[in-house]
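In: Need a 3D model of the following:
(2 chains)
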Amino acid sequence: MNHLLEVENLKVSYGGIQALKGINLSIAAGELVTLIGSNGAGKTTTLKVLAGLLHPASGKLQYRDRSLLHVPAHRRVVNGIALVPEGRGIFARLTVEENLLMGAYIRGDKAGIADDLERQYVLFPRLAERRTQLAGTLSGGEQQMVAMARALMSRPELLMLDEPSMGLAPLMVEKIFETIRGISIQGVTILLVEQNARLALETAQRGYVLESGAISLSGTAGELLGSDAVQQAYLGA
Amino acid sequence: MEILLQQIINGLVQGSVYALVALGYTMVYGILGLINFAHGEVVMIGAMIAMTVLQALLTAALTPVLAVLLSLLAAMAVCMALGYSIERIAYRPLRNAPRLAPLITAIGVSIVLQNLAMMIWGREYHAFPLPFNSTSHQLGGAIVNDVQIAIVIIALLIMSTLMWLVHRTRMGRAMRAVSENPAAAALMGVDINRVISVTFMLGSALAAVAGFMVSANYGIVHYYMGFMLGLKAFTAAVLGGIGNLRGAMLGGVLLGLIESLGAGYIGDITGGFLGSNYQDVFAFFVLIAVLILRPSGLLGEKLAERA
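Out: Purely as a prediction, here's the structure:
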């Protein structure tokens, strides 16, 4: 299979502590892949390395058969990689629309940006109502929508989502995941990090289980949902 | 009544200059969480460059307006290059150092620039060769001259342009995004280093204009002039709420007024015991009062501890 993203033996250390102990994973174009695991397993660290916010100690990071290792974070968006960070990272003192325009920062096509802006407002009608409101005044779910819409404004090939369900009411979680499926159907490759393992595996096609900085299991979502180890550790069965 | 009006006019003029300088402090603070104590020295360098260029141009028999304009542009260009270099050389290597390190470095840069200026221009006061007479006008018993009117109008123009730039352009949006969350801004494709450089250059350009203004108003320049002006503009930025652009403008004008009214009436209030030479005391009295009573300043939000 031809992979969009390939990670090989990736190691990351924070001040002497090894957060990632050499992980391997790959994602093909168009796939929806999830990375599950408990708190502190290294999920967010993995995404931060992929987005360029953290630098690995060693390992390979290939995107479209080119190494990303020396590409700074602000150039990776240009390559088509977008991250919706943990805690959303919205700009609270900017309006909703300004947040979305920040997502299109790398683009110069005014007409295309205007079109995409309208597309986001169709996808998230709630945001259309609040376009002139400061993003910091929105509810958690609305902020998650801003973060996702903002990431989509860069027209990503690979969209990485860090805990999109965190702190949201069940109804809102459902809505967000419905949107994620919709984005996937439109052909965007997605890497989804989630603590809610059942929801993640029900949404994704394939999955990886991260345990104390190493991949302990991988397979199709169905296989992982059926596996005893996953059931015991993450699904509470 | 004439005294009151006169002091208000003086306060507005001086306050306009404070506001321009305070904007430089507050923009850098907003983006880096750093008090750039060398900023006052950038104002002084701007004044020195303007004075030098103006002198050279006048011997070249240019029209006064053209000479003023060119010397102002030269001062802005030099100060922008200076601001860019200060950040590049002194602050960027310390980006992730403990906060005290860049603060002490800023004081170091300030001393270096002062001494550099002293070596180039000497310790003496220089006359600022304004190539035209600033006519004085009567205004309800008070006196205001052309230079003072120009200072207030130009300051207003510059401040509205800056507000437009920060709130209506792509670069301004990126500046606000970086000041709020640098990592998220990088994820959007913003080159943070570039935004920081632009911020320093903008602030320094404003400093150059301010340097030109004080020199034209008082008619003299001196290598030490940036020190007190810088401290007062810093006070103005704190008064308005450091990190907040509107705060810097409000704080600047208010501080100008407080100082000028204070100096005008301190003699009456103390029965002649203290004179207007105590003018400088007011700025620092204001600084202490703000830090005790309202550390976040007039328009500042609650100060979040920055890492």
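In: Please name the residues that touch the residue lying closest to residue A:76 once chain neighbours are set aside.
Out: Once flanking residues are discounted, residue A:76 sits nearest to residue A:52: 4.8 Å by Cβ to Cβ, 6 or more residues apart in numbering or on different chains. C-beta: built from backbone N, CA, C; applies to glycine. Residue A:52 sits next to A:68, A:71, A:72, A:73, A:74, A:75, A:76, B:186 when contact means Cβ atoms under 8 Å, 6 or more residues apart in numbering or on different chains.
In: Residue A:75 now?
Out: Counting by Cβ under 8 Å, 6+ apart, residue A:75 has contacts A:52, B:189.
In: can I assume it sits in a helix?
Out: Yes - assigned with DSSP: H, G, I helix; E, B strand; the rest coil, residue A:75 falls within a helix.
In: any idea which helix is longest in chain A?
Out: Assignment by DSSP state H gives helix A:170-185 as the longest helix of chain A.
In: Extract the CA atoms of that helix and return them as CSV.
Out: Extracted in CSV, the C-alpha atoms of helix A:170-185 (Å, rounded to 0.1, in the frame of the first residue of the first chain):
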residue,chain,number,x,y,z
PRO,A,170,-22.8,13.5,25.0
LEU,A,171,-25.1,15.1,22.4
MET,A,172,-22.3,17.4,21.3
VAL,A,173,-19.8,14.5,21.1
GLU,A,174,-22.2,12.7,18.8
LYS,A,175,-22.4,15.8,16.6
ILE,A,176,-18.7,16.2,16.5
PHE,A,177,-18.1,12.6,15.5
GLU,A,178,-20.8,12.8,12.9
THR,A,179,-18.8,15.7,11.4
ILE,A,180,-15.6,13.8,11.6
ARG,A,181,-17.2,11.0,9.5
GLY,A,182,-18.4,13.5,7.1
ILE,A,183,-15.0,15.0,6.6
SER,A,184,-13.6,11.6,6.1
ILE,A,185,-16.1,10.7,3.4
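In: Which residues does it contact?
Out: A:32, A:123-124, A:140-141, A:144-145, A:148, A:152, A:159, A:161, A:164-165, A:168, A:190, A:192, A:196, A:199, A:203.
In: go again using 7 Å as the cut-off
Out: A:32, A:123, A:141, A:144, A:148, A:152, A:159, A:161, A:164-165, A:168, A:190, A:192, A:199, A:203 (Cβ atoms under 7 Å, 6 or more residues apart in numbering or on different chains).
In: Those: which ones sit near chain B?
Out: With the criterion set as Cβ under 7 Å from any Cβ of the partner chain, no member of the contacts of helix A:170-185 is near chain B.
In: Which members of those occur in strands, if any?
Out: A:32, A:159, A:161, A:190, A:192 (DSSP state E).
In: For the chain, give me the ranges with low pLDDT.
Out: As the question left the chain open, I've gone with chain A. A:1, A:237 (pLDDT under 70).
In: actually chain B
Out: Looking at chain B by pLDDT under 70, you get B:1, B:301-307.
In: repeat that for 50
Out: B:303-307 (pLDDT under 50).
In: elements contacting the longest helix along chain B?
Out: The residue-count maximum for a helix in chain B (DSSP H) belongs to helix B:2-32. Applying 3 or more Cβ pairs under 7 Å, 6 or more residues apart in numbering or on different chains; DSSP states H and E, one finds that helix B:2-32 makes contact with helix B:39-59, strand B:142-145, helix B:146-168, helix B:170-180, helix B:192-218, helix B:225-240, helix B:245-269.
In: that older thread, next one: the residue nearest to residue A:76 from residue A:82, what distance?
Out: 11 Å (Cβ to Cβ, to the nearest Å).
In: what do you get for residue B:161?
Out: Distance, residue B:161 to residue A:82, using Cβ to Cβ: 33 Å.
In: Who has more neighbours out of these two?
Out: residue A:82 (26 against 10; other Cβ atoms under 10 Å in any protein chain shown).
In: Let me see the contact set for that one.
Out: A:151, A:154, A:156, A:159, A:160.
In: any idea whether it is helix, strand or coil?
Out: At residue A:82, secondary structure determined by three-state DSSP is strand.
In: Tell me which helix or strand residue B:85 sits in.
Out: If you go by DSSP states H and E, residue B:85 is part of helix B:64-86.
In: List the buried residues of that helix.
Out: Neighbour-count burial for helix B:64-86, counted by 16 or more other Cβ atoms under 10 Å in any protein chain shown, picks out B:67-68, B:70-72, B:74-76, B:78-80, B:82-84, B:86.
In: between the residues you listed, which is nearest chain A?
Out: residue B:84 (19.2 Å; Cβ to the nearest Cβ).
In: What sits closest to residue B:51 if chain neighbours are left out?
Out: residue B:221 (5.0 Å).
In: now the one you found: how far from chain A?
Out: 39 Å (Cβ to the nearest Cβ, to the nearest Å).
In: got a list of what residue A:113 touches?
Out: A:104, A:107.
In: Closest to residue A:25 out of the contacts of helix A:170-185?
Out: Comparing the contacts of helix A:170-185 against residue A:25 with Cβ to Cβ places residue A:192 closest, at 12.6 Å.
In: That closest one reaches residue A:31, doesn't it?
Out: No - assessed by Cβ atoms under 7 Å, residue A:192 is found out of contact with residue A:31, at 10.5 Å.
In: neighbour count winner among the two?
Out: Per other Cβ under 10 Å, whichever of residue A:192 and residue A:31 has more neighbours is residue A:192, with 27 against 19.
In: Quickly list what the more buried one is bridged to.
Out: Counting by DSSP bridges, residue A:192 is bridged to residue A:34, residue A:161.
In: re earlier: neighbouring contacts of the helix holding residue B:85?
Out: Residues contacting helix B:64-86 (Cβ under 7 Å, 6+ apart): B:38, B:42, B:45-46, B:49-50, B:53-54, B:57-58, B:109, B:131-132, B:197, B:200-201, B:203-205, B:207-209, B:211-212.
In: what do you get for stretch B:191-208?
Out: A:74, B:20-21, B:23-24, B:27-28, B:31-32, B:39, B:42-43, B:46, B:75-76, B:79-80, B:82-84, B:86-87, B:158, B:171, B:174-175, B:178, B:182, B:185-186.
In: quick one: the strands in chain A?
Out: A:3-14, A:17-28, A:32-36, A:58-63, A:66-67, A:81-84, A:158-162, A:189-194, A:206-211, A:214-220.
In: Just name the most buried of the ones you listed.
Out: Ranked by mean neighbour count under mean count of other Cβ atoms under 10 Å in any protein chain shown, those are led by strand A:81-84, which reaches a mean of 27.
In: Give me the sheet partners of it and which way each runs.
Out: Sheet pairing for strand A:81-84, using DSSP bridges, gives strand A:158-162 (parallel).
In: Can I get the partner strand in CSV, CA atoms only?
Out: The C-alpha trace of strand A:158-162 is given here as CSV (Å, rounded to 0.1, in the frame of the first residue of the first chain):
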residue,chain,number,x,y,z
LEU,A,158,-4.1,14.9,6.7
LEU,A,159,-6.3,16.2,9.6
MET,A,160,-5.2,15.2,13.1
LEU,A,161,-7.6,15.6,15.9
ASP,A,162,-6.5,15.4,19.6
